[in-house]
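Enquirer: predicted model, plus sequence, below.
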Amino acid sequence: GENVEQHPSTLSVQEGDSAVIKCTYSDSASNYFPWYKQELGKRPQLIIDIRSNVGEKKDQRIAVTLNKTAKHFSLHITETQPEDSAVYFCAASIPNFGNEKLTFGTGTRLTIIP
Amino acid sequence: DSGVTQTPKHLITATGQRVTLRCSPRSGDLSVYWYQQSLDQGLQFLIHYYNGEERAKGNILERFSAQQFPDLHSELNLSSLELGDSALYFCASSVYGVGGYTFGSGTRLTVV
């Protein structure tokens, strides 16, 4: 099955600086890569996703890049703000005729230092 | 409110007991997924149902079972509970496949 590795496990960034979180996946058939943000005690929320036919996607201060050859994808947050502090999870799924499931990375705890 | 409803929000029970967690998906969503999140850990996939049928199983213990009913709500049954079963249990729903996966607020289970 799919295996997703995520680094770093913790990341502290000065407010206003950029943060980058990286994930690698094992199965080259994976074609969907979402990122979720989970604030303390709350549910994971989808913040951005990318499909394998696209190399990069942006949404205001966040962007995701995908390198299919190397089987890795990254989340970039620019101009970080205190409300960006949370745990971020990457995930991947393999197409399977409606039987897809998301395999999650182990999470990155991002702390924005005011 | 995400539209995915999980009850109860909190549950405290003793070892050896059995509990049932309930999930109502967003209106129109046919898929329900269950995940377990232990303290400071990632999200471990348990099971996926689509329109009443089991579609995929992950690392779900034999003591755990689930079903999806004709009205599309799902229940996760946990029996012979152990201390290590203490965790947040999330369900997520989607129309079809994983795109547009929406999580519920979770049930925090504490086994004492």
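Expert: Perfect, thanks for sending it.
Enquirer: and residue B:64, what does it touch?
Expert: B:46, B:76-79 (C-beta atoms under 8 Å, 6 or more residues apart in numbering or on different chains). C-beta here means a position set from N, CA and C on the backbone, and glycine is covered the same way.
Enquirer: in strands only, show me the residues you listed.
Expert: Secondary structure from DSSP state E places B:46, B:76-78 of the contacts of residue B:64 in strands.
Enquirer: as TSV, those residues with neighbour count would be great.
Expert: Converted to TSV, the ones in strands among the contacts of residue B:64 look like this (neighbours: other C-beta atoms under 10 Å in any protein chain shown):
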residue	neighbour count
B:46	22
B:76	24
B:77	13
B:78	24
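Enquirer: please tell me how far the closest residue to residue A:4 other than its chain neighbours sits from residue A:99.
Expert: Spatial nearest neighbour of residue A:4, chain neighbours left out: residue A:105 (4.5 Å); criterion: C-beta to C-beta, 6 or more residues apart in numbering or on different chains. Counting by C-beta to C-beta, to the nearest Å, the gap from residue A:105 to residue A:99 is 21 Å.
Enquirer: those two: who's more crowded?
Expert: Neighbours per residue (other C-beta atoms under 10 Å in any protein chain shown) separate residue A:105 from residue A:99, with residue A:105 holding more: 25 against 17.
Enquirer: low pLDDT regions in chain A?
Expert: Applying pLDDT under 70 to chain A flags no residue at all.
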